[in-house]
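In: Dropping the sequence and predicted coords here.
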Amino acid sequence: MRDKSTKAADRVPGQTLITVPELAVGLADPDWRVLDCRFDLFDPAAGRRAWQRGHLPGALYADLERDLSAPATGPGGRHPLPAPASLVAQLGRWGIEAGTQVVAYDDCGGLIAGRAWWLLRWLGHERVAVLDGGLAAWQAAGLPLSTARSEPPAVRYRPRAPQGGAMPALDAEELARRLAEDRLLLVDVRSPERYQGREEPIDPRAGHVPGALNLPLAGNLDGDGRFLPAATLRERYAPLLARASGRALAVMCGSGVSACQALIAMELAGLPAPMLYAGSWSDWISDPSRPVACGDA
C-alpha cells in the first residue's frame, strides 16, 4: 500500500506530479492542457497510433522526435534539445500560455512525459506536472478514453524566464571539463547492463562515461508504476549529495530523455535540481576520441 501521508506535503499542486482524481477534475478547466507523450524508440509511429486509438479526453499528442526534440542531424545525440524558439512556437500551437496548467502522461513510468515536464520547466513554465501512474492509472480508475481530436486555438506563448533557469543543462564539452577538474559528480541512470557495457540495444557503442556512477531509474517507482513516497526517494538520492561533497551534480541516460524521470524523483525528494547532460550517452560516443569505460565504476 502506498504511503499517502506524504503525497501532498512534499509537492506543489500543479507541479511535478498530479494524481488521477486531480486530473479528472482539472479536465473541466479550459486553461488546462494534457499532452499524450507515448512513444516507442523502435517504432516511432506507434505512439501516435496509440493516441488515435484512444487517449485521455482532450489530450494532444506530443511526439518525442518531432515536438520534444530537434532533428538529430548534428551534435546532441539521438534526441537533441529543441531550439527554444521552436519549442515556444509548438507550445503556442497547442494553445499553451504562460499560466496554463500542463499535464503530461505516457505508458512507461514517466520516461517520456518527464521530457515534456523538463522542457517546460527549462523554459521557466512552472505549472506543469506528470500524471502519476500514467495511462494505466487512469484506466485502472475506470475513467474513459476518447478518440476525439482536440484543436485548441493557437496562442502566442511568452516564456517567463530564460531557458535553463530552473532546469540547467550542459553539453559534452562542459561535462568533460568539469569531470577533468573534479567539479562534477555524474550519475548514469541507465540499467546496470547498459552502464557496464554488457549490452547495448540502441547505441553503437557500449559502456559509460569514465567516472560516472550508476543509479538505475527502475528504483523510483512502485509496482503500480507510481513514484515512491518522498521520504523513500530522499533515502535513495540524498547519499548522492553527500558523495558529491560540494561538487555539482549531473544526470544522464541514453539520449537525455529518460533521465528526466530521475529529475522528477529528486524534486519530489526535495533535493536541488541537478544538471541534465542533455545529449547523454548517444552524444558522448558521437566523438570517437572521448574515453569509454566498461564494468563497474
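Out: Nice, I can see it.

In: what's near enough to touch the nearest residue to S191 once chain neighbours are set aside?
Out: Distances taken as CB to CB, 6 or more residues apart in numbering put P216 closest to S191, at 5.5 Å, once the chain neighbours are dropped. The C-beta positions use only the backbone N, C-alpha and C, and glycine is treated the same way. Contacts for P216 (CB atoms under 8 Å, 6 or more residues apart in numbering) come out as V189, R190, S191, P192, Y195.

In: ok, P216 to Y195 distance?
Out: In this view, P216 and Y195 are 8 Å apart by CB to CB, to the nearest Å.

In: Equivalent analysis for A242, please.
Out: With distances taken as CB to CB, A242 is found 21 Å from Y195.

In: What of V102?
Out: 32 Å.

In: what's the answer for P153, then?
Out: Shown here: P153 relative to Y195, a distance of 46 Å by CB to CB.

In: of these two, who's got more company?
Out: Each of P153 and Y195 had its neighbours counted (other CB atoms under 10 Å), and the higher figure belongs to Y195 (25 against 6).

In: and that one, that one's in a helix?
Out: Yes - with DSSP: H, G, I helix; E, B strand; the rest coil as the criterion, Y195 is located in a helix.

In: Do you know the pLDDT at it?
Out: Among the per-residue scores, Y195 shows a pLDDT of 98.

In: which residue sits closest to it in space, ignoring its chain neighbours?
Out: N214 (4.3 Å).

In: L271 too?
Out: When the adjacent residues along the chain are set aside, L271 lies closest to Y237, with 5.7 Å between them (CB to CB, 6+ apart).

In: count of neighbours near that neighbour?
Out: Y237: 22 surrounding residues under other CB under 10 Å.

In: coming back round to it: got a quick PyMOL command for the buried subset of the contacts of P216?
Out: Buried residues among the contacts of P216 (16 or more other CB atoms under 10 Å), as a PyMOL selection:
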select buried, resi 189+190+191+195
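
In: helices or strands up against the helix or strand bottoming out on mean pLDDT in the chain?
Out: Of all the helices and strands that make up the chain, helix 230-244 has the lowest average by mean pLDDT, DSSP states H and E, namely a mean of 93. Secondary structure elements in contact with helix 230-244, counted by 3 or more CB pairs under 8 Å, 6 or more residues apart in numbering; DSSP states H and E, are strand 184-188, helix 259-268.

In: make it 10 Å
Out: For helix 230-244, the contact count by 3 or more CB pairs under 10 Å, 6 or more residues apart in numbering; DSSP states H and E identifies strand 184-188, strand 248-252, helix 259-268 as packing neighbours.

In: got the angle for it vs strand 248-252?
Out: For the pair helix 230-244 and strand 248-252, the angle between their directions (axes from the mean of the first three to the mean of the last three CA atoms, to 10 degrees) equals 120 degrees.

In: now what about helix 230-244, what contacts it?
Out: Counting by CB atoms under 10 Å, 6 or more residues apart in numbering, the neighbours of helix 230-244 from elsewhere in the structure are 3, 5-7, 9-11, 17, 183-185, 187, 213, 215, 219-220, 222, 227-229, 247, 249-251, 262, 264-272, 274.

In: Next, the buried residues of that helix.
Out: Neighbour-count burial for helix 230-244 flags A230, A231, T232, L233, R234, R236, Y237, L240, L241, A244 (criterion: 16+ other CB under 10 Å).

In: try stretch 94-110
Out: For stretch 94-110, the buried set under the neighbour-count rule, 16+ other CB under 10 Å, comprises 94-96, 98, 100-110.

In: Show me the shaky parts of the stretch 51-200 of the chain.
Out: The stretch 51-200 of the chain contains residues with pLDDT under 70 at 161-165.

In: Could I get the full set of helices for it?
Out: Secondary structure of the stretch 51-200 of the chain, counting by DSSP state H, counting those that start in this stretch: helices at 84-93, 113-122, 134-140, 172-180, 192-196.
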